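> how would this look folded up:
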Amino acid sequence: MIAKIELSIIIVNFNSGEYLYKTVRSIYDHYLNTNFEIIIVDNNSSDNSLEMTSNEFTDINIIELDENVGFAAANNAGVKESLGKYILILNNDTEIMDGSIEVLMSEIKDQNNYGIVSPILYYADGSPQLSYGNDPGIINEFFTKYFSTIFFRIGLLLSRGNFEKDVDWISGACFLITSDLYKELGGFDENFFLYYEDADLGKRVREKGFLNHITSKSRIIHFLGKSSGSVFSDLLPVIKRGHLYYYKKHKSKASFILLKRYLIIKFTFKLGLSVISGEKYTKRKISKIISAIKSITYE
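Predicted coordinates for the structure are as follows:
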């Protein structure tokens, strides 16, 4: 008799090179529970990252998409095919550490009010990485960008390795949620292509009466942006449209208008610096900044 799958690990891939292989390898090396499945959803990669992984790990389920549909939609496609009672959303540039998944599973089973649980993320050099935030809003736009990491690291240091915190939202790089809750919420909102889909999901989890919880008892390494980092400037317009969409969906009309004006000023200033800097900025980068400004006219 085949054991019932308890956990489905969903990994979205896009041109991640050898990082995808390392992510999957770390799961098999450090997660001892045999009742799990790995589903890789490939967003039409053009490199050999999928081949490198599938050649060795023949039992993983691979979904190959004909186009890059974005992070939110690709995860939803993976969850749709999953069989587990629990869903682990995991980036393709992470490394699982001993006991990290087991801790998350224990936390969500023991605490009925936890909707999402997540580990502390660390950079490759061992320094802690901010992976949660306050509900996006005009007041904390500046604070979140410039001060949240400092306060997080101070809190982690003062906790002496016992950092537990209920937060507004948790990064999509790694989190655990029950399949029932994920599906009840309709998964990620696919109007987000990349970024802000995790903030939106976290808000909807809280609106259902559950908590988003982060714990230092679970730790993973996140190499950060190895899939999206090289094309970040290309995606800037759609990221900003997602930013605006979040405000349109959850905030007042006044907040939406204020954000739009703030972003127009911000990117116009960046464009001016680009032109003044001359050789430092390529025509392509200037073009992307102009595209970002145009995208802010989103209604």
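
> which strand runs longest in the chain?
Counting residues, the longest strand found in the chain (DSSP state E) is strand 211-222.

> walk me through which strands that one pairs with, and which way each runs.
Using DSSP bridges, the strands paired with strand 211-222 are strand 94-96 (antiparallel), strand 114-122 (parallel), strand 164-167 (antiparallel).

> how about CSV for the ones you listed, with mean neighbour count, mean pLDDT and distance to Asn13 added?
Quick note: C-beta positions are derived from backbone N, CA and C, even for glycine. Output for the strands paired with strand 211-222, formatted as CSV (neighbours: other C-beta atoms under 10 Å; pLDDT from 0 to 100; distance: least, C-beta to C-beta, whole Å):
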stretch, mean neighbour count, mean pLDDT, distance to Asn13
strand 94-96, 23, 96, 12
strand 114-122, 25, 97, 19
strand 164-167, 15, 95, 27
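
> can you put those in CSV and add distance to His30?
Output for those, formatted as CSV (distance: least, C-beta to C-beta, whole Å):
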stretch, distance to His30
strand 94-96, 5
strand 114-122, 12
strand 164-167, 22
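
> for this protein, which segments count as helices?
With helices called from DSSP state H, the chain shows them at 19-30, 49-54, 71-80, 100-110, 138-146, 148-159, 179-184, 197-207, 232-250, 253-277, 283-295.

> mean pLDDT lowest where, among the ones you listed?
Of all the helices of the chain, mean pLDDT reaches its minimum on helix 283-295 (a mean of 56).

> would you confirm that Arg177 contacts Tyr114?
Wrong residue type there; residue 177 is Ile, not Arg. No - here Ile177 does not reach Tyr114: they are 9.1 Å apart, not a contact under C-beta atoms under 8 Å.

> show me the contacts for the nearest residue to Leu194 once chain neighbours are set aside.
Spatial nearest neighbour of Leu194, chain neighbours left out: Phe71 (4.9 Å); criterion: C-beta to C-beta, 6 or more residues apart in numbering. By C-beta atoms under 8 Å, 6 or more residues apart in numbering, Phe71 lies in contact with 12, 172, 188, 192-195, 197.

> returning to that earlier point: Val79 is nearest to which of the strands paired with strand 211-222?
strand 114-122 (13.8 Å; C-beta to C-beta).

> ok, and what's touching that closest one?
94, 100, 103-104, 107-108, 111, 128-129, 131-132, 156, 163, 170-171, 173-177, 181, 201-202, 205-206, 208, 210-216, 218-222.

> send over it as PDB, restricted to the C-alpha atoms.
Below are the C-alpha coordinates for strand 114-122, written out as PDB (Å, rounded to 0.1, in the frame of the first residue of the first chain):
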ATOM      1  CA  TYR A 114      -1.500  29.400  12.700                       C
ATOM      2  CA  GLY A 115      -2.400  30.000   9.000                       C
ATOM      3  CA  ILE A 116       1.100  30.300   7.700                       C
ATOM      4  CA  VAL A 117       4.400  29.400   9.400                       C
ATOM      5  CA  SER A 118       7.800  30.300   8.200                       C
ATOM      6  CA  PRO A 119      11.500  29.900   9.100                       C
ATOM      7  CA  ILE A 120      14.100  32.600   9.500                       C
ATOM      8  CA  LEU A 121      15.900  33.000   6.200                       C
ATOM      9  CA  TYR A 122      19.700  33.500   6.100                       C
END
